[in-house]
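Enquirer: quick check, what structure comes out for this input:
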Amino acid sequence: MTNQDQILTITPDTKIGPLLDRFPQLEAPLMKLSPAYAKLRNPLLRKTVAKVATLQQVAKIGDVAIGTLINTLRGELGIEAQWQSEEKSDAVTGKPGWLAADRIAQSLDATPLLEAGEHPLNRVMSDLQKLAAGKVYELITPFVPAPLLDAVAKKRFAVYSERQSDGAVHSYFCRNEFEV
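Expert: Purely as a prediction, here's the structure:
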């Protein structure tokens, strides 16, 4: 595969870390798209979250349309815009019925972990294994933890996130009813 072929294969499934390693000139335009991307300057987060985060997940983290993200990166590499989608991340129309304050059994503010360059995925997955049926787990982060949300959803948990007025993102997980 040539460099040109690698550039042309920038898709929603492309991992951001290897892309920035290969094309470091993309970092500055990426940072302009969303303040949430400034966290990618943290070398520890770059080695953990960025290594596994796809552009689709990065778009969710920054609340940027996937087409805008891909076309911006392609444009910086001198490649014609390709993506037409201006859809933003998965839209959730309202708070799910399973989410109630009295059902929250455990809460983790992962902000200090992330600031230290530690990925909370293993801790969250361990905590979720112990979560009682019908209870809710709350995760607080400074950005939408899209790769973590996808990993938890694959384990058959219902997932819901909302940004609070202070900018923190509260994500909630509940075991799907048929798994209880």
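
Enquirer: ok but Ile140 is inside a strand, no?
Expert: Yes: according to DSSP: H, G, I helix; E, B strand; the rest coil, Ile140 belongs to a strand.

Enquirer: so how far is Ala132 from it?
Expert: Applying Cβ to Cβ, to the nearest Å, the value for Ile140 to Ala132 is 20 Å. No exception for glycine: its C-beta is placed from N, CA and C like everyone else's.

Enquirer: then Thr48?
Expert: Thr48 is 29 Å from Ala132, by Cβ to Cβ.

Enquirer: and what of Lys155?
Expert: Distance from Lys155 to Ala132, by Cβ to Cβ: 16 Å.

Enquirer: who's more crowded, these two?
Expert: The neighbour count for Lys155 versus Ala132, taken as other Cβ atoms under 10 Å, is higher for Lys155 (14 against 11).

Enquirer: and the more buried one, what's its pLDDT?
Expert: In this model, Lys155 is scored at 90, pLDDT.

Enquirer: quick one: low-confidence ranges for the protein?
Expert: Applying pLDDT under 70 to the chain picks out residues 1-8, 83-93, 177-180.

Enquirer: contact partners for the residue lying closest to Ala110 once chain neighbours are set aside?
Expert: Closest residue to Ala110 apart from its sequence neighbours, by Cβ to Cβ, 6 or more residues apart in numbering: Pro120 at 4.0 Å. Residues near Pro120 by Cβ atoms under 8 Å, 6 or more residues apart in numbering: 108, 110, 113-114, 139, 141, 145, 148.

Enquirer: how deep is Ala50 tucked in, by neighbour count?
Expert: Close neighbours of Ala50, defined as other Cβ under 10 Å, add up to 22.

Enquirer: ok, the one 4 residues further on next?
Expert: Other residues within reach of Thr54 by the criterion other Cβ under 10 Å amount to 19.
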